[in-house]
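*Asks:* No sequence on hand, only this structure:
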């Protein structure tokens, strides 16, 4: 199943590193300097969406564990779904990447700063200025592969069709992703292609 993840606002998937005085947190980038969303992040978004929908009566053709695998130490256990990383369209990527220099100079990134304000004085609290790198709104592509169950056999075609229908519905419930999504970043729309 192929999906487009359309980012509707600035967004931040953290790399875990900063850039000295310029930024406290940088966006995760591939070897060409282009932003992407790891498959593990996409799996977590779909797991959260399916689990929430299941709590309100959403039925699935397989159990959550059969679909997503076991949590915790058995995270890499057998599962029916494989989530690929979401990347910029290959055609656009080819246009952006210069074979000699790598990525051409482009403006995918901005910086946002924030600080805590003392409620009594209205003055910035000392040592609270934080700057993060964010990515501009754009569309990324991903694929969710339906693989085998614990029984190591292909899924029945009817189960597979039902599963695709349920995943498409779950995708429509995902509205935000990444860091700072409760502060206005990461608004998105996920649509099956």
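*Replies:* Ah, there it is. All of these numbers come straight from a predicted model, not from anything done at the bench.

*Asks:* for the longest strand along the chain, packing partners?
*Replies:* In the chain, with assignment by DSSP state E, the single longest strand is strand 139-146. Judged by 3 or more Cβ pairs under 8 Å, 6 or more residues apart in numbering; DSSP states H and E, strand 139-146 is in contact with strand 2-7, helix 39-55, strand 81-83, helix 157-173. Backbone N, C-alpha and C define where each C-beta goes, glycine included.

*Asks:* try it again with 7 Å
*Replies:* Strand 139-146 makes packing contacts with strand 2-7, strand 81-83, helix 157-173 when contacts are defined by 3 or more Cβ pairs under 7 Å, 6 or more residues apart in numbering; DSSP states H and E.

*Asks:* Quick one, which of those gets closest to residue 62.
*Replies:* helix 157-173 (7.0 Å; Cβ to Cβ).

*Asks:* what's the angle from the closest one to strand 139-146?
*Replies:* Orientation check (axes from the mean of the first three to the mean of the last three Cα atoms, to 10 degrees): helix 157-173 against strand 139-146 gives 150 degrees.

*Asks:* Quick check: what element follows helix 157-173 along the chain?
*Replies:* Next helix or strand after helix 157-173 toward the C-terminus (DSSP states H and E): strand 188-192.

*Asks:* burial measure for the residue nearest to residue 29 when sequence neighbours are not counted, as a count.
*Replies:* For residue 29, the nearest residue in space outside its immediate sequence neighbours is residue 35; the separation is 5.9 Å by Cβ to Cβ, 6 or more residues apart in numbering. Burial of residue 35 is recorded as 24 neighbouring residues (other Cβ atoms under 10 Å).
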